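1. Everything below, folded, please.
(one chain, ligands or ions: 1)
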Amino acid sequence: MLIPNRHYAELKESYLFARIAEKTKAYLAEYPGKRLLRMGIGDVSQPLCPAVITALHAAVEEQAAKETFHGYLPECGAPFLREAVAKHYESRGVTLSPEEVFVSSGASDELGHLLDLFAPENPALIPEPAYPAYADASVLAGRRIVFLPTTPEEDFLPSPARAEEGELVYLCSPNNPTGAVLDRARLKAWVDWASRRGAVILFDAAYEAFIADEALPHSIFEIEGARECAVEICSLSKTAGFTGTRLGYTIIPRELRRGGMSLNAMWVRNRTTKSNGVSYILQRGGEAVFTPEGQTQVRQTLRIYQDNAKVMASALDRLGIRYTGGRNAPYLWLECPRGYSSWEFFDLLLRRIQVVGTPGEGFGESGEGWFRFSAFGSPEDTREAMTRLQELLG
Ligand code: MLT
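-> From the prediction side, this is the model:
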């Protein structure tokens with residue numbers, strides 16, 4: 001008899017965003033015709049920028065002619081995109097070889113796949129509250145998890161001073177869900193800690209494009225010593241509107257070695273076996289993001305979300321609700337008012353004002369009593385949601 005992966009039984013019955021989708025669907029079945037203002041999952045509302053669309057069309061045309069048609073591409077990514085990403089890092093003062101850049105189908109997929117690189121015996125260290133896929137992927141791989149709760153008193157910024165065990169460390173900065181950003185000194189403390197222990201940091205940089213303060217690092221590789229202890233996972237989902245298009249990239253430096261093995265070489269071996277790479281058309285679209293025109297256009301779109309975050313922040317200020325994030329991050333993390341639990345607050349907003357957010361408890365136990373709003377909605381919906389929130393709670 002085949003034995004299934006029994007670790008599935010250790011997961012919560014449904015994934016956070018699936019549960020939210022079920023609850024909103026049930027509400028709409030009960031009240032058909034109600035229009036929901038969706039500020040829950042961090043899904044973008046603005047289309048791909050013109051530079052990307054032009055590149056996608058051109059690549060489709062290439063696939064239509066015998067002379068320009070492309071079959072399989074290199075599994076780790078097309079050289080043109082690997083080079084474009086490396087050049088982008090160069091502009092921030094980080095030197096990478098294109099062979100250290102691996103093109104992926106998105107950060108969430110990659111966060112699960114990358115666990116193939118590590119034996120399950122070492123525990124994962126996950127600062128909490130955290131994007132729930134970190135814990136779920138580790139559970140499925142049979143890895144023990146040590147959670148490191150962070151508190152509002154420390155601005156939800158994890159410190160290695162309180163970390164006692166864990167060899168695979170998840171850091172997300174700007175953080176989902178709290179919006180907290182690790183500055184250079186804090187990131188250096190983690191790099192030093194990981195180097196001393198022989199640990200590896202999985203640095204989730206999916207939201208780096210939202211960093212507005214010049215002094216804050218976008219990449220862990222801006223920190224000395226990180227090339228020996230970190231992998232960086234990036235995504236074009238939030239940076240350039242690829243949530244439905246799917247494209248990302250992962251940086252694995254050549255110096256990163258554990259147990260005498262090169263993680264870069266191991267990942268080449270993994271990808272060449274388990275993947276035939278990402279579509280040519282999408283990689284051409286991704287390349288366009290890193291052109292000067294693409295960068296200007298994606299920044300215009302990011303500004304729309306940054307303005308949404310300002311609208312939400314001033315509504316919360318007026319209501320006197322404590323929150324973090326919204327600056328350097330597309331999420332606002334607020335304390336549920338009047339002692340509501342996070343799912344109670346979710347139900348209140350859904351039923352009374354038809355606003356959908358994300359309950360903090362979905363990001364781990366330390367998120368209970370907190371709630372997340374995403375700034376990725378349309379400006380109209382964001383303003384309307386905040387008007388309704390102030391009428392409800394004001
Ligand atoms: C979120 O809302 O936390 C993210 O959009 C989820 C994701 O990127 O998969």
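2. Give me the spatial nearest neighbour of Ser195, chain neighbours excluded.
-> Counting by C-beta to C-beta, 6 or more residues apart in numbering, Ser195 lies nearest to Cys229, which is 4.9 Å off, once chain neighbours are set aside. Quick note: C-beta positions are derived from backbone N, CA and C, even for glycine.
3. Would you enumerate the residues in contact with the one you found?
-> Residues near Cys229 by C-beta atoms under 8 Å, 6 or more residues apart in numbering: Val191, Ala194, Ser195, Ala199, Val200, Ile201, Leu256.
4. Then Pro50?
-> With the criterion set at C-beta under 8 Å, 6+ apart, Pro50 makes contact with Gln297.
5. picking up where we left off before, from Pro127, how far out is the residue nearest to Ser195?
-> Counting by C-beta to C-beta, to the nearest Å, the separation of Cys229 from Pro127 is 16 Å.
6. what's the answer for Ser91, then?
-> 29 Å.
7. what's the answer for Ala58, then?
-> 43 Å.
8. Around the closest residue to the ligand within the stretch 201-350 of the chain, how many other residues sit close by?
-> Closest residue of the stretch 201-350 of the chain to the ligand, C-beta to the nearest ligand atom: Ser237 (6.1 Å). Using other C-beta atoms under 10 Å, the number of residues around Ser237 comes to 23.
9. for Tyr305, same thing?
-> Per other C-beta under 10 Å, the neighbour tally for Tyr305 reads 22.
10. buried ones in whichever strand or helix holds it?
-> Using DSSP states H and E, Tyr305 maps to helix 292-319. Under the neighbour-count criterion of 16 or more other C-beta atoms under 10 Å, helix 292-319 has 294-295, 297-298, 301-302, 304-306, 308-309, 311-313, 315-316, 319 buried.
11. same deal with stretch 63-82?
-> Buried residues in stretch 63-82 (16+ other C-beta under 10 Å): Leu73, Glu75, Cys76, Gly77, Ala78, Leu81, Arg82.
12. now those residues in CSV, with secondary structure?
-> Formatted as CSV, these follow (DSSP: H, G, I helix; E, B strand; the rest coil):
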residue, secondary structure
Leu73, coil
Glu75, coil
Cys76, coil
Gly77, coil
Ala78, coil
Leu81, helix
Arg82, helix
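13. in the protein, which spans are helices?
-> Using DSSP state H, the helices of the chain run over residues 16-30, 50-63, 79-90, 107-113, 132-140, 184-197, 237-240, 263-274, 280-289, 292-319, 342-348, 379-393.
14. possible to save those helices as CSV with distance to Glu214?
-> Shown next, in CSV, are the helices of the chain (distance: least, C-beta to C-beta, whole Å):
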stretch, distance to Glu214
helix 16-30, 33
helix 50-63, 25
helix 79-90, 17
helix 107-113, 24
helix 132-140, 29
helix 184-197, 12
helix 237-240, 18
helix 263-274, 31
helix 280-289, 22
helix 292-319, 15
helix 342-348, 34
helix 379-393, 26
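15. To Tyr207, which of the ones you listed lies closest?
-> With C-beta to C-beta as the measure, helix 237-240 is the member of the helices of the chain nearest Tyr207 (5.9 Å).
16. Do you know the pLDDT at the residue in the stretch 251-394 of the chain that the ligand sits nearest to?
-> The minimum distance from the stretch 251-394 of the chain to the ligand, using C-beta to the nearest ligand atom, falls at Ser374 (6.1 Å). Model confidence at Ser374, given as pLDDT, is 98.
17. Show me what from the stretch 51-200 of the chain comes close to the ligand.
-> Residues of the stretch 51-200 of the chain lying near the ligand by C-beta under 6 Å from any ligand atom: Ser108, Tyr131, Asn176.
18. one more time with 5 Å, if that's ok
-> Ser108 (C-beta under 5 Å from any ligand atom).
19. Residue in the stretch 51-200 of the chain with the shortest distance to the ligand?
-> Counting by C-beta to the nearest ligand atom, the stretch 51-200 of the chain gets nearest the ligand through Ser108, at 4.3 Å.
20. Surely that residue touches Tyr134?
-> No - at 10.0 Å, Ser108 and Tyr134 do not qualify as touching, with contact defined as C-beta atoms under 8 Å.
21. okay, these two: which has more neighbours?
-> Neighbour count, other C-beta under 10 Å: between Ser108 and Tyr134, Tyr134 has more, with 23 against 19.
22. quick revisit: so the residue of the stretch 201-350 of the chain closest to the ligand makes contact with Ser105?
-> No - here Ser237 lies out of contact with Ser105, judged by C-beta under 8 Å, at a distance of 10.6 Å.
23. Quickly list what's touching both of the two.
-> Common neighbours of Ser237 and Ser105 (criterion: C-beta under 8 Å, 6+ apart): Arg246, Gly248.
24. Which pLDDT value belongs to the nearest residue to Asp136 once chain neighbours are set aside?
-> Distances taken as C-beta to C-beta, 6+ apart put Leu11 closest to Asp136, at 5.9 Å, once the chain neighbours are dropped. Predicted confidence (pLDDT) for Leu11: 94.
25. any idea how far Leu11 is from Pro149?
-> 20 Å.
26. Compare these two (neighbour count), which wins?
-> Ranked by neighbour count (other C-beta under 10 Å), Leu11 and Pro149 place Pro149 first, with 17 against 13.
27. for that one, what are its contacts?
-> Pro149 neighbours (C-beta under 8 Å, 6+ apart): Pro127, Glu128, Gly364, Glu365, Ser366.
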